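In: build me a structure from this.
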Amino acid sequence: MTNPDNHIERSETVNTIAETILRQLGPDFRWELAFPELTEDMIERLRRYGSHEYFPAGETLYSPGDRRIDMFVVLDGEVDIILPTAESEANIYTRHRKNTFTGEFNLLNSQGSVVEARTVAPSTLLRVRRAEFQHLMRAEGDIANVIVAACIWRRLGIVKAGLGGVILKGRSDDDQLILLQRFFVRNNYPYRIVDVSTETTGDDSTLLPAVALCNGRTLRRPSIPELADALGITELPNPEMICDVAVVGAGPAGLAAAVYASSEGLCTTVIEGIAPGGQAGTSSKIENYLGFPAGISGQQLATRAQLQALKFGVQFAISREVITIEQIDGIYKLTLQDDIQVCARAVVVASGAQYRKLHLENYPKYENHGIYYSATPMEAVLCRDQEVIVVGGGNSAGQASLFLSGIAKHVHHIVRGPSFAETMSQYLISRIESSSRITVYTKSEIVALDGDPSLERVTWVNEITGERTTRDISTVFVMIGAEPNTGWLFGTVRLDKKGFILTGNSEGFDNSPYATSMPGIFAVGDVRANSVKRVASAVGEGSVVISYVHRYLADHRHNIPVGAHSTMAALRSVDEALAGAKL
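Out: Got it, this is the predicted structure:
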């Protein structure tokens, strides 16, 4: 066990990949932000939201996997926070004393707990139950800010400690292992990797990768929904509940829409298949986003945005994609994977796009076996001190080249056009041109991929001169744009020839620039036709669209059912009161 009076110590078993990823999560661990001591004034105000309860020594307040845990403020006594492991060992993460409080990331949502809380001595605690906790987060701004900061720092501390969570076992060249690892990273879920060599797997190789859970259960080659359900990451809404607005997609546009909708009193649900962040969440560094002069990684931006949304009560339905949508009596019913239903009065589509692929016969063979679509520290560690290729002429490709040039031996940047001028920001072009570790090949394209079982050689050709170049390169980052994720919308709203959603003017149901052809459905971000493919633009669209959602809901509040205590019910009551006054 670790000493509870000391700061968190990193486990020496954390591997190189994990260490590299953790650098992307931000600065060094801030103990004073993770475990603040509440003032006497804060404690006094908190009493209005909780009740005093006495617990004997050794009492378990909550265990790993428990959902919707309560917050406990220590008035007298001590509470240990314990990190269980798949090896049945336990490590004391920290010890709460007077005027400190329990809870971490899952205090803000309904995900399963990753720690155990247990009293050390007879203790008097102020218990704030979930219903009152939501009222607290809206009414006490300064306390809410302290709680939010503590929750995220505690989760990052757990991830960085490398002590708790689950164990991911598999071969480093397995694309399924990489998929699961990416799921853990982007959801900030603690885990450790055990690299199982081919020689030791034997006949069990078909059962890898495997995830060893803290309760002793092992999942063999789990799907993302199966893994999310087992870990308690899945948050599925009550099918009987009708929310004011459902946001499909948790990229920058979707997260912005969720923050603004929930902060303005709308009951909001976000539906996301993998993790918050979208394509922006895979960016190594975004340097032209307002307010971050030193740049910010996509992972950090997504985490901060998700926290803002959680602070205002947004519910995230993680790990399920939308399959169909239909309107019934003025309410939209969205059907997710596994026939899960989400009902909403209005829908904001922010489902973004999926990566385009090169047209090569054996291309699928090398996906996640040498071909990648994002250049984050997780992928970069695989090509340290090696030559790599980046394909694409947009900002994402430029950011990837610059990031990889500090890790790889050399970056070969291939672009089909004559230059970057029309598709890339000038600051990126200038840095690429001045880098001695990046070589740009214009009017060129890859024509052959070779290697078995993973990528070993790449050949590209100059379309003007016909010159062919073949090099022993095992890692290629393909960033050539994307295609819209709108398959689930065919037959519901109007799309252009490329599948992007048509909005505004003659295409929309009203004069909103984000209105689709179907009343009550709006589209923002990359999925919208003619949108500007930039993070700042997506955030702007997501925030502005909520004013139009409000207008739509107000115009239709008499035609659709509403909850007893919802914003819509309040608006309807005002209308009735005004009508009565006129009589």
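In: give me the number of residues near Asn511?
Out: 10 (other Cβ atoms under 10 Å). Where you see a C-beta, it was placed from the backbone N, CA and C, and this is true even at glycine.
In: ignore what I typed, I meant Gly273.
Out: 19.
In: list phi and psi for it.
Out: phi -80, psi -30 (degrees, to the nearest 10).
In: quick one: residues contacting it.
Out: Contacts for Gly273 (Cβ atoms under 8 Å, 6 or more residues apart in numbering) come out as Ile224, Ser319, Arg320, Glu321.
In: now, those that are in strands?
Out: Nothing among those maps onto strands, per DSSP state E.
In: the stretch 151-300 of the chain: strands as residue ranges?
Out: Remark: strands assigned in the stretch 151-300 of the chain by DSSP state E, counting those that start in this stretch are 166-170, 191-195, 210-212, 218-220, 242-248, 268-272.
In: which one of the ones you listed lies closest to Asn368?
Out: Taking Cβ to Cβ, strand 166-170 is the member of these nearest to Asn368, at 12.3 Å.
In: so what does the closest one touch, helix or strand wise?
Out: Under the contact criterion of 3 or more Cβ pairs under 8 Å, 6 or more residues apart in numbering; DSSP states H and E, strand 166-170 touches helix 175-186, strand 191-195, strand 210-212.
In: quick one: strands adjacent to the second one?
Out: For strand 191-195, the paired strands and their directions (DSSP bridges) read strand 166-170 (parallel).
In: residues making contact with the strand it pairs with?
Out: For strand 166-170, the external contacting residues (Cβ under 8 Å, 6+ apart) are 85-86, 176-177, 180-181, 184, 189-196, 208-214, 231.
In: hmm, 10 Å instead?
Out: Residues outside strand 166-170 that contact it (Cβ atoms under 10 Å, 6 or more residues apart in numbering): 85-87, 114, 176-178, 180-181, 183-184, 189-196, 201, 204-205, 207-215, 217-221, 227, 230-231.
In: ChimeraX command for the buried members of those residues?
Out: Buried residues within the contacts of strand 166-170, by 16 or more other Cβ atoms under 10 Å, are selected in ChimeraX with:
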select :85,86,114,177,178,180,181,183,184,189,190,191,192,193,196,208,209,210,211,212,213,214,219,221,227,230,231
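In: what's the next secondary structure element after the helix or strand of the chain with the lowest mean pLDDT?
Out: Least confident helix or strand of the chain, by mean pLDDT, DSSP states H and E, is helix 16-23 with a mean of 43. Using DSSP states H and E, the next helix or strand after helix 16-23 towards the C-terminus is helix 31-34.
In: who are the packing partners of the helix or strand just after that following helix?
Out: Elements were assigned by DSSP H and E; along the chain past helix 31-34, the next helix or strand is helix 40-46. On a contact count with 3 or more Cβ pairs under 10 Å, 6 or more residues apart in numbering; DSSP states H and E, helix 40-46 meets strand 71-76, strand 123-128, helix 130-139, helix 141-161.
In: now the helix or strand just after the first one, how far from the chain's geometric center?
Out: What that stands for is strand 71-76. Sequence-wise, the next helix or strand downstream of strand 71-76 (DSSP H and E) is strand 79-84. Here strand 79-84 is found 26 Å from its chain centre; the criterion is Cα atoms, centre = their mean, to the nearest Å.
In: between helix 141-161 and strand 79-84, find me the angle.
Out: Strand 79-84 runs at 40 degrees relative to helix 141-161, counting by axes from the mean of the first three to the mean of the last three Cα atoms, to 10 degrees.
In: using CSV, list the CA coordinates for strand 79-84.
Out: Extracted C-alpha coordinates of strand 79-84, given in CSV (Å, rounded to 0.1, in the frame of the first residue of the first chain):
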residue,chain,number,x,y,z
VAL,A,79,-12.1,8.0,5.3
ASP,A,80,-9.7,6.0,3.1
ILE,A,81,-10.0,6.0,-0.7
ILE,A,82,-8.7,2.6,-1.9
LEU,A,83,-7.7,1.6,-5.4
PRO,A,84,-8.4,-2.1,-6.1
